[in-house]
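Enquirer: sequence below, structure please.
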Amino acid sequence: MEDRIIKTEYSEEMQKSFVDYAMSVIVARALPDVRDGLKPVQRRVLYDMSELGIRWDKPYRKSARIVGDTMGKYHPHGDSSIYDALVVMAQDFKKGIPLVDGHGNFGNIEGDGAAAMRYTEARLGKFTQDAFLADLDKDIVDFVPNFDETEKEPSVLPVRVPNILINGSEGIAVGMATSIPPHNLGEVIDATKAYMRDENITTKELMKHIKGPDFPTGGVVINQDELLEIYETGTGKIKLRGKVEIEKAKGGHINVVITEIPYTMIGANIAKFLQDVAALSESKKTQDIVDISNQSSKEGIRIVIELRKDADAENFVNLLYKKTKLEDTFGVNMLAISDGRPETMGLKEIIKACVDFQFEVNTRKYTNLLAKEQERKEVQEGLIKAVNVIDLIIEILRGSKDRQMAKDCLTSGKTDGINFRSKESKIMAEQLQFTDRQANAILEMRLYKLIGLELDALIKEHEETMSNIYRYEDILDRRDSMATVIMQDLDNFKKEFGKKRRTDIENAEEAVYKEKEFEVMDVYFLMDRFGYAKLIDINTYDRNTEACENEFRTCFMVKNNGRIAMFTENGQMHVIKALDLPMAKLRDKGTPVDNVTNYSSSDGSIVYVANMEEMLQGRLLFVTKRGLVKQVMGLEFETTRKTIASTKLGNGDEVCTVLPVTAQKYIILKSRAGYFLRFTIEEISMLKKVSQGVRAIKLDSKDEVEFAALTRDVDDAQIEHNGHSIALNTVKLQKRDAKGTKIR
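Expert: Reported below is the predicted structural model:
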């Protein structure tokens, strides 16, 4: 047992194990190979679809079948990662050229996920079939054992275009990540051909062909001057903007229409963009927005923001660029597997690696084709020679006892045991020297080949074979000839699959948003009995003073950048910013105060609302239902928080009312049992807001204060009690902490 225990340093073992794990993730899962631009899972899915015969011109097959077959044969890492790779290769808003033709719900640009794999179907795209898999049968790439060594899979697909640039790639490994933007197929092919003509070409000269990234979502790249450094180093940041159009709408309004979005916005970020635009209005960053609607469809992106008639549309668009994802950054890190190791590569290095791979693949391809043509030539020459001496061959076949005897005669002139009609035939037979392959072809030749027309066809076929041999030898012997073949191949792909550039490249000035100067003015704060609040201008109030006073629970003047203090039964003070309230018309409903504060129904009823700036300059009188009172200086309530405790309450006690103290002399309290008490305000102590107060009236255990008011000597204020009006100043004057006078 001791012989099997390996003693090792723990830190060294951990380091070795982590490095092995990291390299496994980097090379075998997360990063693309620079040669075909595919991660292992993508390569395995495409190869499996090819093996299953799911070609572009064949019927669709269930995605679950593809995923299951790929997982069972080549990629034992779980079905979700395989299906996710399949889905991404089918999404035209993520790939420059989709590699898979999906049928069913494969998600959309707004972030909705694909349907389950049991519902969707897929097949290879024509571009994938022609550019990735067409020559797999010609032994032009190495095949390696799969994970359990029961199958063979290609170590790389023989891609005939620089796919790593065309479709880009994104992946997160251990300690590193790749982010390669997609490019235009035609431009990449033109740049590749330019490199093949002059291997000393500079990155700057290559960029005469590749203007920059070409994202499937379109948009605008706005830092053109920085692209050269990005393509030389393989790293950097590309600044993207969506495309915006200004339209005139009904009623004189202006529509800002977003027709293309930055590549980074696809998915859930579209919904976040709409939320961010709405937040600009809610936070009063802009008051120009009338409505927001997402009218996007299969035809394309269309996000409409309706502005007010007098809005500055260009200034508003600049605000969107500054404050939302309509202008965003795409981080470039062109990291790929090259020669079995991760490497950050510039544009020229990537094109060089792809071109070298093309020469390597084509060398193997034409070497194999040449070998086959030479075999074909050998057979053809043997058959042509055999036709010329067909009578002798027939005589040999008729005189031989078995196939081997006839074959030995054809290849080495052995005539032992063969019956010939004449000595001349035997002498001629002894001179035959067909090759082994030719002899087999002769023995398997059918009689119809003796027809004259068939012989002519054989001779013509031989001429074609010789032409192919000369052509293949020229391609293999001369690099220029092979380069010409590769460039012709690239031209064919450009002609068939090339599309116009979708992303514009330019140098744009930084978006500058000019904020409108905020004009401070007096407005009126209105709140109804349901807790809906709003602001109206002074002119509206002056025209409707009586309606405002009668229909609204609270009505007072405040600055449009001021604050409103709101006190509740449970002793909380909530602060409302006037900027958070809508500037509305008199009949508009307004905003619930619980939308702009922390107030909720659990805080109890609202007992007092005041202009906070005015309140801070005076003092407040607090009265609780258990009969406690106190005076507090307004400055005690200065705060930057949205909610504070305005007073301390005993168990079961609540605030009855809060009153501003000005020139009043008396306080009148009324209990639920009908006891009235009037005494001077001077008897009420000036306390801190954290205190409970002093007792104002003696109450029975089941009684409580239900009304409080402040009066002067000359006040004639009255209160209804048991169907009678009682003048408050007629209530008997007593001392604080008395029981009061019961009025029936």
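Enquirer: contacts, neighbours, all on C-alpha from now
Expert: OK.
Enquirer: now do the strands in the stretch 251-400 of the chain.
Expert: Here the stretch 251-400 of the chain has its strands, by DSSP state E, counting those that start in this stretch, at 254-260, 289-294, 303-307, 327-333, 335-338, 341-344.
Enquirer: for the third one, name the packing helices and strands.
Expert: Using 3 or more Cα pairs under 8 Å, 6 or more residues apart in numbering; DSSP states H and E as the contact test, the elements touching strand 303-307 are strand 254-260, strand 289-294.
Enquirer: go on, the second one?
Expert: Counting by 3+ Cα pairs under 8 Å, 6+ apart, the packing neighbours recorded for strand 289-294 are helix 268-282, strand 303-307.
Enquirer: in this structure, which helix or strand is least confident?
Expert: Least confident helix or strand, the chain: helix 10-25 with a mean of 71, by mean pLDDT, DSSP states H and E.
Enquirer: and the next helix or strand past that helix?
Expert: Following helix 10-25 in sequence order, the next helix or strand is helix 40-51 (DSSP states H and E).
Enquirer: give the partner strands of the helix or strand that that next one is followed by in its sheet and their orientations.
Expert: Per DSSP H and E, helix 40-51 leads on to strand 61-62 as the next helix or strand towards the C-terminus. Strand pairing for strand 61-62, determined by DSSP bridges: strand 121-124 (antiparallel).
Enquirer: looking at the strands of the stretch 251-400 of the chain, which is buried most?
Expert: Mean neighbour count (mean count of other Cα atoms under 10 Å) peaks for strand 335-338 among the strands of the stretch 251-400 of the chain, with a mean of 24.
Enquirer: from the chain's centroid, how far away is it?
Expert: Relative to the centre of its chain, strand 335-338 is centred 23 Å away, using Cα atoms, centre = their mean, to the nearest Å.
Enquirer: tell me what that strand is packed against?
Expert: Strand 335-338 packs on strand 177-180, strand 341-344, going by 3+ Cα pairs under 8 Å, 6+ apart.
Enquirer: could you dump those into JSON lines with distance to residue 717 added?
Expert: Below are the helices and strands packed on strand 335-338 laid out as JSON lines (distance: least, Cα to Cα, whole Å):
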{"stretch": "strand 177-180", "distance to residue 717": "77"}
{"stretch": "strand 341-344", "distance to residue 717": "85"}
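Enquirer: quick one: closest of these to residue 362.
Expert: Nearest to residue 362, of all the helices and strands packed on strand 335-338, is strand 341-344, at 23.6 Å by Cα to Cα.
Enquirer: partner strands of the closest one and their direction?
Expert: Strand pairing for strand 341-344, using DSSP bridges, gives strand 335-338 (antiparallel).
Enquirer: using CSV, write out the CA atom coordinates for the partner strand.
Expert: Output of strand 335-338 as CSV, limited to C-alpha atoms (Å, rounded to 0.1, in the frame of the first residue of the first chain):
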residue,chain,number,x,y,z
LEU,A,335,-7.4,36.2,-29.2
ALA,A,336,-7.4,32.9,-30.9
ILE,A,337,-5.7,29.5,-30.9
SER,A,338,-2.7,29.5,-33.2
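Enquirer: ok, residue 217 to residue 694 distance?
Expert: Distance from residue 217 to residue 694, counting by Cα to Cα, to the nearest Å: 70 Å.
Enquirer: more crowded one of those two?
Expert: residue 217 (25 against 19; other Cα atoms under 10 Å).
Enquirer: could you tell me whether that one really is in a helix?
Expert: No. Counting by DSSP: H, G, I helix; E, B strand; the rest coil, residue 217 falls outside a helix, being coil.
Enquirer: now do the same contact list for it.
Expert: Applying Cα atoms under 8 Å, 6 or more residues apart in numbering, we find residue 217 in contact with 93-94, 260-263, 502-503.
Enquirer: ok, which of the strands of the stretch 251-400 of the chain comes nearest residue 684?
Expert: Between residue 684 and those, the tightest spacing by Cα to Cα is seen for strand 289-294, at 51.6 Å.
Enquirer: show the average pLDDT along the closest one.
Expert: Regarding strand 289-294, the rounded mean pLDDT is 89.
Enquirer: show me what stretch 311-323 is in contact with.
Expert: Looking at what lies outside stretch 311-323 - Cα under 8 Å, 6+ apart - the contacts are 241, 244, 246, 254, 256, 276-277, 288, 307, 326-327, 511-514.
Enquirer: repeat the analysis, applying 7 Å as the threshold.
Expert: Around stretch 311-323, the neighbours that count as contacts under Cα atoms under 7 Å, 6 or more residues apart in numbering are 288, 326-327, 511-514.
Enquirer: same deal with stretch 46-55?
Expert: Under the criterion Cα under 7 Å, 6+ apart, residues 60-61, 66, 70, 123-124, 129 lie in contact with stretch 46-55.
Enquirer: check stretch 565-579 too.
Expert: Contacts to stretch 565-579, defined as Cα under 7 Å, 6+ apart, come from residues 284, 560-564, 596-599, 603-612, 642-648, 654-656.
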